[in-house]
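Peer 1: With the sequence up front, the predicted model follows.
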Amino acid sequence: MPQLVEYPRIEVAGEDAVIVYLDKVASSATIRKITQLKNNIATVLGDNLVELVPSYASLLVIFDPLKTDYFAVKKTLSSSLEANVTEIASSQKVIELPVYYSLESGPDLESLANRSGLSIEDVITIHQQTIYQVFAIGFAPGFAFLGEVDERIACPRLKSPRAKVAKGSVAIADRQTAIYPNESPGGWNLIGLCPQTLFNPKVSPYLTYQVGDSVKFKAITQVEFLKLGGKL
Amino acid sequence: MNNSSTSHFEVVQPGILTTFQDLGRYGHSHLGLTSGGPADKQAYLWANRLLNNLEHCPVLEVNFGGLKLIAKTATTIAVTGANTPLTINGVVKETWRSHQINCGDDIEFGYATIGCRTYLAVFEGFVVEPQFNSVSTVIRETIGGINGRALTAGDLLFYKPTPKQTLYALNAKDIPDYTDALIVQVVTGYQHASFDRVELAKFFSNEYQISDQCNRMGYRLTGPAIQSGISQMLSEGICKGAIQIPPDGQPIVLSVDRQTIGGYPKIGSVLSLDLDLVMQSSQGAKISFEPISIHYAHTLLHLAKAKYTETKPIKVAK
């Protein structure tokens, strides 16, 4: 099998799309590069651009194939990649989100603690110690994949997903963490609830964070949770 | 809802799945919002064009059929797409043409016999409040259309008051044939180069069948399993038509309501012109794949565009 190890690499994705692979793994440096490339491309491609989908270590570029073609888009992307010598500063934005960690708001908190050989308090403390990076947004509107979770509290997805996960549920899957912006089905381990609305399609800015932002969690009490509008 | 217009249809029976669609929602993937849009874009475009509407005018996508409307105001409609029995006041009417509608008319769709999605356009488009620059309904996201959902009985569907229009039909020879065996062209890409040659040969030389899991999000196929040889990869952006190969080796063709990112290996993406035909097919249909380059795909797209522009609808009597 051919080994594709060169980065960055531009591949065809479809009749109207190419994908730029910036790195094999995701890191905050990669996310910075993607953000820079994204801004650059949006300016250069102008009306020929339809959509940009950043994720972990890649950027999908969807263009209008009746207005431009593969060669033109690839050439534009290549020169943008070469121009990317000066790195932009990482997003200074650290979004702090309140979380009510408890057995009543985090139905998997106890099993996760048992599995990790830690106390429930330790799990809560460790989850708050990391400043997470938004690596990708998708799966559901406003659902952000945050990484990386401390190895000590990493935990595989549930064997069978729940049909209903409450809005605001803070969850862990492997070395990723996330907050369910709305009620939905889901297979991640639930450890708490965030009272804040993260995605509101009716009011701009619709979403609290974007790819590249940093997120930090802060424990709150049940009283504070309810005061902030949280529902149990 | 913009109710400056009071002309409307009332939904008597919503059918199995009827939604508002326009060209789709773009530029919002950073929020995790997918594009939506018509499952069969060619049929959608013709519905608007038969009324001299702009391309982006909101239409109804009637999936499988069963829709019944009563017109509260006179207007002109056009119906394209699947072969679905259409009656107006109980009288059988042809599809792929426009029809004059009078106040009080009953418009009724039976169930699709060939193809599965029908488009109903109204003169100058339905008046629907857009969300993120589009009225396209994505039910999974509760976005677009009427409160992000399919039509229900009692809904009022608004349009602008319509003076009498010349009626047009598409020549029979220009109407797409949904009975053809599906030989679908695939622009190879994404992880294509990482697949073993034998696995690629297997994929492009065998026939697959559409499973019962087929909807606007994607079509799951059954047939010879393909091994991607890729055990783990990072989630990445998914374009319309992408063919992903999950661990069980059964391909999934992703469509208009697809998730924006995903972590399964992909072999390439179905040509949009062919995806329209895939989306008109349903469970049990046979499908095979043919690899093409992106350059050839662009040639086909330009040719199709030229043909579409050159094809002129004919005037028809009432």
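Peer 2: All right, it came through fine.

Peer 1: Going along the chain, name the helices of the chain.
Peer 2: Looking at chain A here, since you left the chain open. A:28-45, A:70-83, A:109-116, A:120-129, A:222-227 (DSSP state H).

Peer 1: Hmm, no, I was thinking of chain B.
Peer 2: Counting by DSSP H, the helices of chain B are B:41-49, B:197-205, B:272-278, B:294-310.

Peer 1: how about the helices of chain A, which one is nearest A:Ala178?
Peer 2: In this view, the helices of chain A are compared for proximity to A:Ala178 by C-beta to C-beta, and helix A:120-129 is the closest at 12.0 Å. The way it works is simple: take the backbone N, C-alpha and C, and place the C-beta from them, glycine included.

Peer 1: Let's see that closest one as PDB, backbone CA atoms only.
Peer 2: The C-alpha coordinates for helix A:120-129 follow below in PDB (Å, rounded to 0.1, in the frame of the first residue of the first chain):
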ATOM      1  CA  ILE A 120     -15.400  11.400  41.800                       C
ATOM      2  CA  GLU A 121     -13.700  14.600  43.200                       C
ATOM      3  CA  ASP A 122     -10.500  13.700  41.400                       C
ATOM      4  CA  VAL A 123     -12.300  13.300  38.000                       C
ATOM      5  CA  ILE A 124     -14.000  16.700  38.500                       C
ATOM      6  CA  THR A 125     -10.700  18.400  39.400                       C
ATOM      7  CA  ILE A 126      -8.800  16.800  36.500                       C
ATOM      8  CA  HIS A 127     -11.500  17.700  34.000                       C
ATOM      9  CA  GLN A 128     -11.100  21.400  35.100                       C
ATOM     10  CA  GLN A 129      -7.300  21.400  35.000                       C
END
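
Peer 1: Same list (the helices of chain A) but as JSON lines, adding mean pLDDT.
Peer 2: Below are those laid out as JSON lines (pLDDT from 0 to 100):
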{"stretch": "helix A:28-45", "mean pLDDT": "91"}
{"stretch": "helix A:70-83", "mean pLDDT": "92"}
{"stretch": "helix A:109-116", "mean pLDDT": "96"}
{"stretch": "helix A:120-129", "mean pLDDT": "98"}
{"stretch": "helix A:222-227", "mean pLDDT": "97"}
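
Peer 1: Go through those and name the closest to B:Gly110.
Peer 2: helix A:70-83 (43.9 Å).

Peer 1: List of residues touching the closest one?
Peer 2: A:8, A:10, A:12, A:18, A:20, A:37, A:40-41, A:44-45, A:48, A:61, A:63, B:294-295, B:298 (C-beta atoms under 8 Å, 6 or more residues apart in numbering or on different chains).

Peer 1: again with stretch A:216-232
Peer 2: A:94-102, A:104-105, A:124, A:127-128, A:130-132, A:168, A:170, A:193-196.

Peer 1: List only buried entries from those residues.
Peer 2: A:95, A:97-102, A:105, A:124, A:127, A:130, A:132, A:168, A:170, A:193-196 (16 or more other C-beta atoms under 10 Å in any protein chain shown).

Peer 1: which ones among those come in contact with chain B?
Peer 2: Residues of the buried ones among the contacts of stretch A:216-232 in contact with chain B (C-beta under 8 Å from any C-beta of the partner chain): none.

Peer 1: Strands - which of those land there?
Peer 2: With DSSP state E as the criterion, strands contain A:Ile95, A:Leu97, A:Pro98, A:Val99, A:Tyr100, A:Tyr101, A:Tyr132, A:Val170, A:Leu193 from among the buried ones among the contacts of stretch A:216-232.

Peer 1: looking at it, the fourth one is touching A:Gly192, isn't it?
Peer 2: Yes - counting by C-beta atoms under 8 Å, a contact exists between A:Val99 and A:Gly192, whose distance comes to 4.3 Å.

Peer 1: Between the two, which contacts overlap?
Peer 2: Residues touching both A:Val99 and A:Gly192 (C-beta under 8 Å, 6+ apart): A:Val170.

Peer 1: Now tell me which helix or strand of chain A has the poorest mean pLDDT.
Peer 2: strand A:184-186 (a mean of 88; mean pLDDT, DSSP states H and E).

Peer 1: Quick one: the strands in the stretch 201-318 of chain B, in order.
Peer 2: B:207-214, B:218-222, B:236-237, B:242-244, B:252-254, B:261-262, B:266-270, B:286-292, B:314-316 (DSSP state E, counting those that start in this stretch).

Peer 1: Please produce JSON lines containing those, extended by mean pLDDT and distance to chain A.
Peer 2: As requested, the strands of the stretch 201-318 of chain B are exported to JSON lines (pLDDT from 0 to 100; distance: least, C-beta to the nearest C-beta, whole Å):
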{"stretch": "strand B:207-214", "mean pLDDT": "96", "distance to chain A": "16"}
{"stretch": "strand B:218-222", "mean pLDDT": "97", "distance to chain A": "14"}
{"stretch": "strand B:236-237", "mean pLDDT": "96", "distance to chain A": "3"}
{"stretch": "strand B:242-244", "mean pLDDT": "97", "distance to chain A": "6"}
{"stretch": "strand B:252-254", "mean pLDDT": "97", "distance to chain A": "10"}
{"stretch": "strand B:261-262", "mean pLDDT": "92", "distance to chain A": "4"}
{"stretch": "strand B:266-270", "mean pLDDT": "98", "distance to chain A": "3"}
{"stretch": "strand B:286-292", "mean pLDDT": "97", "distance to chain A": "9"}
{"stretch": "strand B:314-316", "mean pLDDT": "96", "distance to chain A": "26"}
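
Peer 1: and of the ones in strands among the buried ones among the contacts of stretch A:216-232, the nearest to chain B?
Peer 2: A:Ile95 (15.3 Å; C-beta to the nearest C-beta).

Peer 1: coming back round to it: please tabulate the strands of the stretch 201-318 of chain B in JSON lines, including the columns mean neighbour count and distance to B:Leu23.
Peer 2: Formatted as JSON lines, the strands of the stretch 201-318 of chain B follow (neighbours: other C-beta atoms under 10 Å in any protein chain shown; distance: least, C-beta to C-beta, whole Å):
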{"stretch": "strand B:207-214", "mean neighbour count": "16", "distance to B:Leu23": "23"}
{"stretch": "strand B:218-222", "mean neighbour count": "20", "distance to B:Leu23": "20"}
{"stretch": "strand B:236-237", "mean neighbour count": "26", "distance to B:Leu23": "20"}
{"stretch": "strand B:242-244", "mean neighbour count": "26", "distance to B:Leu23": "19"}
{"stretch": "strand B:252-254", "mean neighbour count": "24", "distance to B:Leu23": "18"}
{"stretch": "strand B:261-262", "mean neighbour count": "22", "distance to B:Leu23": "22"}
{"stretch": "strand B:266-270", "mean neighbour count": "27", "distance to B:Leu23": "19"}
{"stretch": "strand B:286-292", "mean neighbour count": "17", "distance to B:Leu23": "24"}
{"stretch": "strand B:314-316", "mean neighbour count": "11", "distance to B:Leu23": "26"}
